[in-house]
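Student: A predicted structure for the sequence below; I have some questions about it.
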Amino acid sequence: MQKKVAHVRFLYYLCTQFVAKNFIYCKINMDVLSYINAHRERFMDEWASLIRIPSVSCQAEHKADMIRCAERWRELLLAAGCQKAEVLPSPGNPFVFAEYNSQFSDNRAPLGLRTPNSQLPTVLVYAHYDVMPVEPLDQWLSDPWEPSIRDGRLYARGADDDKGQAMIQAKAFEYMVKTGQLRCNVKFIFEGEEEIGSPSLEAFLEEHKELLKADIILVSDTSMIGKDTPSITTGLRGLAYWQIEVDGPNRDLHSGHFGGAVKNPVNALCEMLAQIVDKDGRITIPGFYDDVLPIPEEERAMIAKIPFSQEKYNTSIGVDDVFGEKGYSTLERNSCRPSFDICGIWGGYTGEGSKTVLPSKAFAKVSCRLVANQDHEKISRAFIDYIESLKPQGVRVKVTPMHGGQGYVCPIDIPAYKAAEKGFEIAFGKRPLAARRGGSIPIIAAFEQILGCKTILMGFGLEQNAIHSPNESMDLDVWQKGIVAVSEFYKSFAQGHD
């Protein structure tokens, strides 16, 4: 009964809200919208069938659910038009691989031994089927494992990240195949460990380079600036992370008896860290900027067009002013330029009341966000050497690298980006902005390093979708436009290779 109610609400929403408000859009894209309308109930059933599988990768109790979700995706990709789809094992959760090619030499041959049509471009679609835990449950307004539609949104865990966005890719592909319009070879690789750092992915890519060979990788697992401000993520920052330990005396000392005579490790740590960023916001690690590429002027012009209020930004985070590298705007600093931050610092007595001690140890966790072309391993070594050079007499310093990843930038003049740009423009009625993001997705850089091709981050999330949080949701208007945008991407990308 609940499913039928959801279907009715979904039909009502799209027919009365979406179509009425977007008549011109519907007229331009009537073929794809007609297809969506004709198959809407099935689309909803299939989306819901994925959501109902609690594929939480970080919890061992859901191991069987991971396999179940992979198998379900295999079924759905076959039904969408793939000629072959398989669940492939890994040391962790399995991968789903599927492919479409209308001119295989032998469709019965094992995966990897078939010859694709080399005259057509090949698109590799990446997504993940694992999701975050749903806790705290008491903050959900509806069952996180049962889709609920309210105010034009579908609420559930995975509604956006990444089952909803992966369904956009699957349904755009299905439409193009079933209507005979697809002039690209398409491969799908879906993993079940993205939410735990993709520990099995790089080895899988190395092992299956030929199987995954493509001209471009297409990912829908990012967000737009806003529903009325479509954007394509063109860059992600890399990451380098360390823990610093400073050792002094062999025990905590009485600060009255030893203060002023023995070097305090907490003081020493603060002195070292204070030298890493100068008054102009520049990082002082020798050679740090050697590989940093300038922001192209065309991209700076696009960033300047992003709706942004410095006053509202400051108010939203409760600060009276911002600080960063001199010569750059806030949006440039937090996406296109590197940064250094102390993520945590501790040592000595921090309990209730006072205890006059000179601590024997001090610790800090610190990180750098890096930009494209900076190598996180090179930066890590440079940082360790620099900290050692800043060490004052009287203490010992140990720096332990924690983890890292490469940054990524996608040129905005390549055919695949232009095709994505056209897809967004047709679907949303305006040209999307190119927008780099300050966060890190190391797997994107791994794709380029191992498979040797660029990734187009064609994401349809919104900030209000609350991914990873209670009441995660997907805007159904945006979801449908996403199917249109990806469909148009395929058309335009294929035309560019004719």
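Tutor: Perfect, thanks for sending it. Numbers count the residues shown, from 1 in each chain.

Student: just so I have it, where are all the helices in the stretch 151-300 of the chain?
Tutor: Remark: helices assigned in the stretch 151-300 of the chain by DSSP state H, counting those that start in this stretch are 163-178, 201-207, 255-258, 265-273, 297-304.

Student: helices and strands around the second one, which ones?
Tutor: Counting contacts by 3 or more Cβ pairs under 8 Å, 6 or more residues apart in numbering; DSSP states H and E, the secondary-structure elements packed against helix 201-207 are helix 442-451. (C-beta placed from N, C-alpha, C; glycine too.)

Student: quick revisit: what's the least confident stretch among the helices of the stretch 151-300 of the chain?
Tutor: Ranked by mean pLDDT, the helices of the stretch 151-300 of the chain bottom out at helix 297-304, with a mean of 89.

Student: right, and the helix or strand after that helix?
Tutor: Using DSSP states H and E, the helix or strand that follows helix 297-304 in sequence is helix 310-317.

Student: List the buried residues for that next one?
Tutor: Across helix 310-317, burial judged by 16 or more other Cβ atoms under 10 Å covers no residue at all.

Student: do the same with stretch 323-332
Tutor: For stretch 323-332, burial by neighbour count (16+ other Cβ under 10 Å) applies to 324, 325, 328, 329, 331, 332.

Student: so of these, which ones are in helices?
Tutor: For those, the ones inside helices are 331, 332, with DSSP state H as the criterion.

Student: Which pair in the buried residues of stretch 323-332 has the greatest spatial separation?
Tutor: Using Cβ to Cβ, the buried residues of stretch 323-332 reach their maximum pairwise distance at 325 and 331, which is 12.5 Å.

Student: What number of residues are in the vicinity of residue 241?
Tutor: Other residues near residue 241 come to 18 when the count uses other Cβ atoms under 10 Å.

Student: er, residue 208 actually
Tutor: Look at residue 208: counted by other Cβ under 10 Å, it has 18 neighbours.

Student: got the domain boundaries for the chain?
Tutor: By the assignment in automatic domain parsing, the chain contains the domains 2-236+408-495, 238-292+338-405.

Student: among the ones you listed, where is the model least confident on average?
Tutor: Per-stretch mean pLDDT for the domains of the chain is lowest at domain 2-236+408-495 (a mean of 89).

Student: And that one, how far out from the chain middle?
Tutor: Computed by Cα atoms, centre = their mean, to the nearest Å, the separation of domain 2-236+408-495 from the middle of its chain amounts to 12 Å.

Student: what residues does stretch 327-340 touch?
Tutor: With contact meaning Cβ atoms under 8 Å, 6 or more residues apart in numbering, stretch 327-340 is reached by 235, 237, 276-277, 281, 283, 288-289, 292, 295, 299-300, 303-304, 306, 308, 310, 313, 322, 324-325, 366-371, 374, 435-438.

Student: Which among these count as buried?
Tutor: 235, 237, 276-277, 281, 283, 288, 292, 295, 299, 303, 306, 324-325, 366-371, 374, 435-437.

Student: just to revisit the earlier point, would a markdown table of the domains of the chain with distance to residue 317 be doable?
Tutor: Putting these into a markdown table (distance: least, Cβ to Cβ, whole Å) gives the following:
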| stretch | distance to residue 317 |
| --- | --- |
| domain 2-236+408-495 | 14 |
| domain 238-292+338-405 | 14 |
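
Student: ok, and which of those has the densest surroundings?
Tutor: Among the domains of the chain, the stretch with the highest mean neighbour count (mean count of other Cβ atoms under 10 Å) is domain 2-236+408-495, at a mean of 19.

Student: Enumerate every residue touching residue 452.
Tutor: Taking Cβ under 8 Å, 6+ apart as the criterion, residue 452 is in contact with no other residue.

Student: Please report how far it lies from residue 338.
Tutor: Remark: distance between residue 452 and residue 338 (Cβ to Cβ, to the nearest Å) = 25 Å.

Student: How about residue 318?
Tutor: Between residue 318 and residue 338 the computed distance is 25 Å (Cβ to Cβ).

Student: wait, doesn't residue 272 sit right on residue 395?
Tutor: No: applying Cβ atoms under 8 Å as the test, residue 272 and residue 395 come out as separate, 9.4 Å apart.

Student: Report the contact partners of residue 485.
Tutor: By Cβ under 8 Å, 6+ apart, the residues touching residue 485 are 172, 420, 423, 424, 426, 427, 428, 458, 460.

Student: what about it, which helix or strand?
Tutor: Under the criterion of DSSP H and E, residue 485 resides in helix 476-495.

Student: Check residue 50 too.
Tutor: Element membership for residue 50 (DSSP H and E) is helix 30-51.

Student: which helices and strands does that helix pack with?
Tutor: Checked by 3+ Cβ pairs under 8 Å, 6+ apart, helix 30-51 has helix 2-12, helix 63-80, helix 163-178, helix 476-495 packed alongside it.

Student: Mind doing that once more with 6 Å?
Tutor: Where contact means 3 or more Cβ pairs under 6 Å, 6 or more residues apart in numbering; DSSP states H and E, helix 30-51 is packed against helix 2-12, helix 163-178.

Student: hmm, who's touching stretch 131-139?
Tutor: Applying Cβ atoms under 6 Å, 6 or more residues apart in numbering, the set of residues contacting stretch 131-139 from outside is 55, 56, 144, 157, 158, 195, 468, 470.

Student: with those residues in mind, which one is nearest to residue 125?
Tutor: Using Cβ to Cβ, residue 158 is the member of the contacts of stretch 131-139 that sits closest to residue 125, with 17.3 Å.

Student: dump the residue contacts of that closest one.
Tutor: Counting by Cβ under 6 Å, 6+ apart, residue 158 makes contact with 51, 131.

Student: swap the cut-off to 10 Å and go again
Tutor: With contacts defined as Cβ atoms under 10 Å, 6 or more residues apart in numbering, residue 158 is in contact with 47, 50-56, 69, 128-132, 134, 144-145, 147, 164-167, 467, 472, 474.

Student: How about residue 379?
Tutor: With contacts defined as Cβ under 10 Å, 6+ apart, residue 379 is in contact with 238-240, 283, 285, 287-288, 290-291, 338, 368, 370, 404.

Student: by how many degrees do the strand or helix carrying it and helix 265-273 diverge?
Tutor: Using DSSP H and E, the secondary-structure element containing residue 379 is helix 376-390. In this structure, helix 376-390 runs at an angle of 120 degrees to helix 265-273, with axes from the mean of the first three to the mean of the last three Cα atoms, to 10 degrees as the basis.

Student: Direction included, what does the very next helix or strand once past helix 376-390 pair against?
Tutor: In the C-terminal direction, the helix or strand that comes right after helix 376-390 (DSSP H and E) is strand 396-405. For strand 396-405, the paired strands and their directions (DSSP bridges) are strand 238-247 (antiparallel).

Student: quick check: angle from the strand it pairs with to helix 442-451?
Tutor: Per the same axes, to 10 degrees, the angle that strand 238-247 makes with helix 442-451 is 110 degrees.
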